[in-house]
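A.B. asks: Generate coordinates for the sequence data below:
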Amino acid sequence: MKNALKLLTILISLACWTTTAHAHTKILTSKPANGTVLTLPPSELALEFASKIRLAKVTLRIDDGKEIKLDLNEQKTFRTDFTFPIAFDDIGIFVVTWRGIGSDGHIRSGKLQFTVSSQ
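C.D. replies: Numbering: from 1, shown residues only. Sure thing, here's the model as predicted:
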């Protein structure tokens, strides 16, 4: 019985740890929001994470292959909120990819997309 209780405790601990680790990758909000269709290009990209992260790379890629690397020079600390000024006149599908390190030391990455349409 003691061994079964120990095993159950270990399994529950692992399940909680895995859930916690995956929670760190989540973006709570973004501006523009994931999946949004806009009629005008946005003037900024804002990302809010569920927990503190230090971003190492954020890229905005347009479906025609053009890539805009966002400036991270001012982003040197662990935090949850990031805002990047962006300026472009393109229309199309935009994919934002990000990569960083969580405050727990784990590498995190993800992506979101939005569309700018003239219609």
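
A.B. asks: where exactly do the helices run in this protein?
C.D. replies: Assigned by DSSP state H, the helices in the chain fall at 2-23.

A.B. asks: Any stretches of it with poor pLDDT?
C.D. replies: The chain contains residues with pLDDT under 70 at 1-25.

A.B. asks: One more pass at 80, please.
C.D. replies: Scanning the chain for pLDDT under 80 picks out 1-25, 119.

A.B. asks: residue ranges of the strands in it, please?
C.D. replies: Secondary structure of the chain (DSSP state E): strands located at 27-31, 37-38, 44-62, 67-69, 79-85, 92-102, 107-116.

A.B. asks: JSON lines please, covering these and showing mean neighbour count.
C.D. replies: For glycine as for every other residue, the C-beta is placed from the backbone atoms N, C-alpha and C. As requested, the strands of the chain are arranged in JSON lines below (neighbours: other CB atoms under 10 Å):
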{"stretch": "strand 27-31", "mean neighbour count": "14"}
{"stretch": "strand 37-38", "mean neighbour count": "12"}
{"stretch": "strand 44-62", "mean neighbour count": "17"}
{"stretch": "strand 67-69", "mean neighbour count": "13"}
{"stretch": "strand 79-85", "mean neighbour count": "14"}
{"stretch": "strand 92-102", "mean neighbour count": "18"}
{"stretch": "strand 107-116", "mean neighbour count": "16"}
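
A.B. asks: Give me the nearest residue to Phe78, chain neighbours excluded.
C.D. replies: Distance criterion CB to CB, 6 or more residues apart in numbering; nearest residue to Phe78, sequence neighbours excluded, is Lys52 at 4.1 Å.

A.B. asks: Cool, thanks, signing off.
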